[in-house]
Structure formats: structure tokens, C-alpha cells
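Chemist: Provided below are the primary sequence and the corresponding predicted coordinates.
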Amino acid sequence: MSALAEPEHVRAAHERQVAIYRAMSPEQRLAQALRMNRSMRELMAVGFRSRHPEWSESQVKRAVADRILHARTG
């Protein structure tokens, strides 16, 4: 979806989010990034556990690490 096709409320929310991040100190932005990273890892682990209940915790951690290591963007 191009930026022009975004609904107004999505654009407004994005602008608000950017303003909040810009108002943060570098230390606050780093802390937020670390919280977001931890949340992403936890959500990924929950997904792996639900799809593979037989996996050990080390297998789940390995799967999360592998997914992040081999992730592609764009």
C-alpha cells in the first residue's frame, strides 16, 4: 500500500508516533527499542511454542534466533 492510499487515521497515528519518538531522549529511544525487541522475541517464541508444543525451551530459543538471523526485509 502506498503512502497516498493510507487512510487518514493511519497517517495521523503514524505522525503522532513519530512526534512521540522525536520528543524522547536518545536513552529513552534506546530503552523503547530494547522493549520492542524483547516483545517481538516473546511473541515469536509464543508462536513457535503453539505450533510445536513438543519442542524444548532451547529449541524454541534457537528457532527465534534463526528466524531473526535469516530475516529479510523488502
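Modeler: Good, I have the coordinates.

Chemist: return the distance of the closest residue to H14 other than its chain neighbours relative to I20.
Modeler: Distances taken as C-beta to C-beta, 6 or more residues apart in numbering put E6 closest to H14, at 7.9 Å, once the chain neighbours are dropped. In this view, the C-beta of every residue, glycine as well, is placed from N, C-alpha and C. Shown here: E6 relative to I20, a distance of 19 Å by C-beta to C-beta, to the nearest Å.

Chemist: which strand or helix spans R49?
Modeler: In the assignment (DSSP states H and E), R49 maps to helix 26-51.

Chemist: likewise V60?
Modeler: Going by DSSP H and E, V60 is part of helix 57-69.

Chemist: how many degrees apart are that helix and helix 26-51 in direction?
Modeler: When axes from the mean of the first three to the mean of the last three C-alpha atoms, to 10 degrees is applied, the directions of helix 57-69 and helix 26-51 differ by 120 degrees.

Chemist: check which residues of helix 57-69 are buried.
Modeler: 60, 63-64 (16 or more other C-beta atoms under 10 Å).

Chemist: relative to the centre of this structure, find the outermost residue for me.
Modeler: Distance from the C-alpha centroid of the chain peaks at E54, with 25.5 Å (C-alpha atoms, centre = their mean).

Chemist: now that one: phi and psi?
Modeler: Dihedral pair for E54: phi -80, psi -10, per degrees, to the nearest 10.

Chemist: who's in contact with stretch 55-68?
Modeler: For stretch 55-68, the external contacting residues (C-beta atoms under 8 Å, 6 or more residues apart in numbering) are 41, 44-45, 48-49, 52.
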